[in-house]
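[1] A predicted structure for the sequence below; I have some questions about it.
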Amino acid sequence: MSNFRLKKIPNLAGVGLKAQHYKTILQEKPKLGWFEVHPENYMGAGGPPHKYLTAIRELYPISLHGVGMSLGGPSERLDPEHLRLFKALKDRYEPWLISEHLAWSTHEGKFFNDLLPLPYTEETLNHLANHVDEMQSYMGKQVLIENPSAYLAYESSPYAETEFLDQLVKRTGCGLLLDVNNIFVSANNQGYDAYDYLDAYPVEHVEEIHLGGHSVELIEDDDLGIGKLLIDDHSSAVIDDVWDIYKKLIAKTGPKPSLIEWDGDIPEWPVLFNEAKIADGFMKKHVSTKVKS
Amino acid sequence: MASFKQIHKEFVAALLVPSAPIPKGLVALKKPNITSRFAVYRNNVIVGLIAALKSNFPICFALVGDEFFKALAVDFIRKNPPTSPMLFEYGDEFAFFISQYSPADQLPYLADIARLEIMWRNAYHAIDAKPLDIAKIQQIDAKEHSNLTFKTHPSAAILKSNWPIYSIWQGHEDNDMVDIDLEVKQAILICRPNVDVLIANIDPAACIFYSAIMNGRTLGNAYEKAIKQDQNFDFNYCFGQLFALGLITDIAAEN
Ligand SMILES: [Fe+2]
């Protein structure tokens, strides 16, 4: 059982917890709202990962952001062993939020370590809803579902992604994690307007926001000639176009727990911390303009 | 449209094999370059898994270099994709794979270095346990010592090799691989009593002694086995090492 009391994540910025930053965080105790943790990295029995996470959890609230549950996978039930290990971490560390992805990554016992796309059909919706129900009842807690970044989509998808997520909320009572960078990446890669997506998105269910960087590749598509393909690699700072969508989003939702995801080419702590302060700045500005008007 | 199960099956079939046909029904824009776009998924999967192996086998990586490691990793990944999302434990079959991998014939010690790195990782993530203070033994009447048996640390393990695995590991730590005599055979003892994983170079008699202790033999019996192997077995040193390395977590008297 847990040594921790449940600790609320404030409507402030947080960052993804990286082993490279453990010692700095414990020494400097930076003024930061919260940390997000990939549970898959803490599923070992003991050792330094748990030692550091315990020490950090004593100072900050956390969220558990799963990348391996494969909610969109084809099997009838979720992997029982993975559920058990996830729940053990939930019990041990008392996260304020738990989240997973609208995607799949496992097939017949093989793990592909990427968030793979799904067609948005009635069949998929039923399947997803069953898996989300199963995860929520096993965890005894609401799970937030995150929109994916995509390089391709399935042609026969009668549901728009935004509508699909809204249906999933209605059927399961899950919450939503809106990744603003993923909107920008998918919109570019599939030729739609990011702001149209945001207008259609059920923002009233957003409990957490993700911000991250992406990289740019050139691609030659048959109809448009050479264009940009955006790769969601979380290896750089958030760009201005993504901050603009973020500002528009918090104008609708008000301040929300907002996470900086930086998973590759991980920078020195001050660089990451500064990104979080930018998000906090936008949220503060939003509140003060609201008070004035 | 294909069923949910069929969609996954087709996608996976194309994911790890670049020459396989791309699944039907995928779109983006009006006339997209499906091949280049699908390549992003293929690339994400393979690059992510190569990075996981590189992080789990840093010494193997340093020994063979970037290009060789990539080729080795890609072959391994196609044959042994991970079976769990816990990528920190990916690569249990890597040592065996290397031992069968003919391009690595020039580096006959590479498979044992992979074994060492798997054991290092197991020790790092093993369940925590508090090592016993040697003072606890000193409180017991010396006449009883030879009858004592011990509980050993969950992270403790021994690896015997026909190659100088300790020297190679040490050379990697010190960034100095120059003077390693490949004719030397070494065995190591691994333990993580607290935060750091400790590795000790152990001679054949010490190896017998520690193995016996870990197998629940009495101290007296472990000593006898070791001295049989080597008349010059240094009992006092090895007994001290049991506690210096945090190998002992409790005393369990002989039944
Ligand atoms: Fe995200």
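    The structure has been received and is ready for your questions.
[2] What strand or helix carries the residue of the stretch 1-150 of chain B found nearest the ion?
    The minimum distance from the stretch 1-150 of chain B to the ion, using C-beta to the ion, falls at B:N44 (14.4 Å). Backbone N, C-alpha and C define where each C-beta goes, glycine included. For B:N44, the element it lies in under DSSP states H and E is helix B:34-56.
[3] Quick check: buried residues in that helix?
    Neighbour-count burial for helix B:34-56, counted by 16 or more other C-beta atoms under 10 Å in any protein chain shown, picks out B:34, B:37-42, B:44-46, B:48-50, B:52-54, B:56.
[4] and the biggest helix by length in chain A, what's its mean pLDDT?
    Across chain A, the longest stretch assigned as helix under DSSP state H is helix A:269-292. Helix A:269-292 shows a mean pLDDT of 89.
[5] so how many other residues sit close to residue 216?
    Because you didn't say which chain, this covers chain A. By other C-beta atoms under 10 Å in any protein chain shown, 11 other residues sit near A:V216.
[6] You answered for a different chain; I wanted chain B.
    For B:G216, the count of nearby residues is 15 (other C-beta under 10 Å).
[7] With A:L26 instead?
    Neighbours around A:L26, by other C-beta under 10 Å: 13.
[8] gap between stretch B:200-213 and the chain center?
    19 Å (C-alpha atoms, centre = their mean, to the nearest Å).
[9] go on, stretch B:48-59?
    13 Å.
[10] can you give me the helices for chain B?
    Under DSSP H, chain B gives helices at B:4-15, B:34-56, B:58-79, B:94-99, B:110-125, B:135-138, B:165-174, B:204-214, B:219-229, B:235-244.
[11] cool, chain A as well?
    Using DSSP H, helices in chain A cover A:22-28, A:48-59, A:80-93, A:122-139, A:161-172, A:180-190, A:194-200, A:240-253, A:269-292.
[12] deepest of the ones you listed, which one?
    helix A:180-190 (a mean of 23; mean count of other C-beta atoms under 10 Å in any protein chain shown).
[13] Packing partners of that one?
    Judged by 3 or more C-beta pairs under 8 Å, 6 or more residues apart in numbering or on different chains; DSSP states H and E, helix A:180-190 is in contact with helix A:194-200, strand A:206-212, strand A:225-231, helix A:240-253.
[14] Quick one: closest of the ones you listed to A:V169.
    strand A:206-212 (10.3 Å; C-beta to C-beta).
[15] so where's the stretch 151-293 of chain A shaky on pLDDT?
    A:221-225, A:291-293 (pLDDT under 70).
[16] ok now do the residue of the stretch 1-150 of chain A found nearest chain B, which residues does it touch?
    Closest approach between the stretch 1-150 of chain A and chain B, counting by C-beta to the nearest C-beta: A:G68, at 2.5 Å. Contacts for A:G68 were tallied using C-beta atoms under 8 Å, 6 or more residues apart in numbering or on different chains; they are A:40, A:82, A:105-106, A:111, B:84-86.
[17] can we see that at 7 Å?
    A:40, A:82, A:105, A:111, B:85 (C-beta atoms under 7 Å, 6 or more residues apart in numbering or on different chains).
[18] try B:T83
    B:T83 neighbours (C-beta under 7 Å, 6+ apart): A:109-111.
[19] re the thing from before, contacts for the longest helix of chain A?
    Against helix A:269-292 from outside (C-beta under 7 Å, 6+ apart): A:11-15, A:21, A:24, A:30, A:32, A:211, A:237-238, A:246-247, A:250-251, A:255, A:258, A:260, A:262.
[20] Now that we have those residues, which of them are buried?
    A:11-15, A:21, A:30, A:32, A:211, A:237-238, A:246, A:250, A:255, A:258, A:260, A:262.
[21] Could you find the closest non-adjacent residue to B:A95?
    B:A114 (3.8 Å; C-beta to C-beta, 6 or more residues apart in numbering or on different chains).
[22] Next: A:F111.
    B:P82 (4.4 Å).
[23] Can you name the residues that contact that neighbour?
    Neighbours of B:P82 in contact, by C-beta under 7 Å, 6+ apart: A:111, A:113, B:49, B:90.
[24] In a markdown table, list these along with distance to A:F184 and pLDDT.
    Output for the contacts of B:P82, formatted as a markdown table (distance: C-beta to C-beta, whole Å; pLDDT from 0 to 100):
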| residue | distance to A:F184 | pLDDT |
| --- | --- | --- |
| A:F111 | 27 | 92 |
| A:N113 | 23 | 88 |
| B:L49 | 27 | 96 |
| B:Y90 | 31 | 97 |
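[25] Next step: the residues you listed restricted to strands.
    By the criterion of DSSP state E, membership of those in strands covers A:111, A:113.
[26] Let me have the contacts of B:P82 in JSON lines, adding distance to B:S3 as columns.
    As requested, the contacts of B:P82 are arranged in JSON lines below (distance: C-beta to C-beta, whole Å):
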{"residue": "A:F111", "distance to B:S3": "22"}
{"residue": "A:N113", "distance to B:S3": "25"}
{"residue": "B:L49", "distance to B:S3": "28"}
{"residue": "B:Y90", "distance to B:S3": "31"}
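[27] and of the helices of chain A, who's closest to B:E224?
    helix A:48-59 (37.9 Å).
[28] which residues touch that closest one?
    A:4, A:17, A:22, A:25-26, A:29, A:35, A:37, A:41-42, A:93, B:124, B:195.
[29] can you tell me the residue of chain B closest to chain A?
    Nearest residue of chain B to chain A: B:P85, at 2.5 Å (C-beta to the nearest C-beta).
[30] and that residue, what is it in contact with?
    By C-beta under 7 Å, 6+ apart, the neighbours of B:P85 are A:40, A:67-68, A:82, A:111.
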